[in-house]
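Trainee: fold the following for me, if possible:
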Amino acid sequence: MIIGIHAVQHALQSNQKIKELIIQEGKRQSRVQKLIGQAQKKGIPVSMKTAQDMDKLCDNEVHQGVIADAVAASKKQIPFKEWLAALDCDQELTVLVLDQVSDPHNLGACIRSAEGMGCQAVMIPMNQSAKFDAPAVGKAACGAMAHIHLFAVTNLSRSLEQLQKKGFWVYGLAGEAKSSVYDTKFDRATVIVMGAEDTGMRPLVRQNCDQLLHIPMKGEVESLNVSVATGVTLSERVRQSLCKE
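Mentor: All right, here's what the predicted structure looks like:
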């Protein structure tokens, strides 16, 4: 389920395959009417439901009276091993790994940052993590999920090892790390690993990192929200890449 006016508009504009557009009864705003018109032009069925029914469809997330029932959230649902085997590993590649990020809003925001910063894929563990198909994830990602590879793997540590064998260098974010993201040269295929909101990376995942980095802080708070930290780190990776051009 894709929820919210902006996210649904993104899905329609990117030609994501949508089975049905669902509108809350009584919603007549111009933006909602525009979405209905776009859906009808594409031959997408439009149905009306009560606010209560729509709340049930999206787990009581704020939907603004608009829900799209989409066929798939990701642009290419292929197995991780298949994707990795076909990959030409060059220095511009970036993969974001999120270790047990349980808040779906954070997961969605991280996916949005990853796609916006040119990452090729986002990887999460299959268990003890928010799920890609949660309505709140799609809303926070705001259309990004249709343009990036998404992988939920059974063993995150083993998947990191497979990325390393392919030629990726794995950086893990940890507050106590000696190296700063701003002192680090991102000059090879890169994996950025972000830990859970409260506990950080699990020990085994941490051990599989080639290097640990921290984001310098000047205020009184000790850490950033995981989605903000993701944006900061990926932005520095992109900045360095652009400076080479």
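Trainee: contacts for the lengthiest helix in the chain, please.
Mentor: Using DSSP state H, we find that the single longest helix of the chain is helix 226-244. With Cβ atoms under 8 Å, 6 or more residues apart in numbering as the contact definition, helix 226-244 has outside contacts at 92, 94, 96, 98, 101, 105-106, 109-110, 113-114, 117-119, 171, 173, 181-182, 185-187, 190, 192, 194-197, 213, 215, 223-224. For every residue, glycine as well, the C-beta is placed using N, CA and C.
Trainee: which SSE is residue 213 in?
Mentor: For residue 213, the element it lies in under DSSP states H and E is strand 211-214.
Trainee: strands paired with that strand, and their directions?
Mentor: Strand 211-214 sits in its sheet next to strand 169-173 (parallel), strand 179-180 (parallel), going by DSSP bridges.
Trainee: next, name the residue at the spatial heart of the protein.
Mentor: Of all residues in the chain, the one closest to the mean position by Cα atoms, centre = their mean is residue 111, 1.6 Å from it.
Trainee: now name the helix or strand holding that one.
Mentor: Using DSSP H and E, residue 111 sits in helix 104-116.
Trainee: from the contacts of helix 226-244, which would you call buried?
Mentor: With neighbours counted by 16 or more other Cβ atoms under 10 Å, these contain buried members at 94, 96, 98, 101, 105-106, 109-110, 113-114, 117, 119, 171, 173, 181, 186, 190, 192, 194-196, 213, 215, 224.
Trainee: all strands of this structure, in order?
Mentor: Assigned by DSSP state E, the strands in the chain fall at 2-3, 18-24, 46-49, 66-70, 94-98, 121-125, 149-153, 169-173, 179-180, 190-194, 211-214.
Trainee: okay if I get these as CSV plus distance to residue 10 and mean pLDDT?
Mentor: Below are the strands of the chain laid out as CSV (distance: least, Cβ to Cβ, whole Å; pLDDT from 0 to 100):
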stretch, distance to residue 10, mean pLDDT
strand 2-3, 8, 85
strand 18-24, 11, 92
strand 46-49, 18, 94
strand 66-70, 10, 87
strand 94-98, 20, 98
strand 121-125, 17, 97
strand 149-153, 16, 95
strand 169-173, 28, 97
strand 179-180, 34, 96
strand 190-194, 24, 98
strand 211-214, 32, 97
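Trainee: distance to residue 203 added to these, as TSV?
Mentor: Shown next, in TSV, are those (distance: least, Cβ to Cβ, whole Å):
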stretch	distance to residue 203
strand 2-3	36
strand 18-24	42
strand 46-49	47
strand 66-70	37
strand 94-98	15
strand 121-125	14
strand 149-153	18
strand 169-173	11
strand 179-180	19
strand 190-194	13
strand 211-214	13
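Trainee: looking at those, which is nearest to residue 138?
Mentor: With Cβ to Cβ, the closest approach to residue 138 among those belongs to strand 2-3: 4.9 Å.
Trainee: helices or strands next to that closest one in the packing?
Mentor: Contacting strand 2-3 under the criterion 3 or more Cβ pairs under 8 Å, 6 or more residues apart in numbering; DSSP states H and E are the following elements: strand 66-70, helix 135-141.
Trainee: dump the ones you listed into TSV; add mean neighbour count as well.
Mentor: Formatted as TSV, the helices and strands packed on strand 2-3 follow (neighbours: other Cβ atoms under 10 Å):
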stretch	mean neighbour count
strand 66-70	22
helix 135-141	26
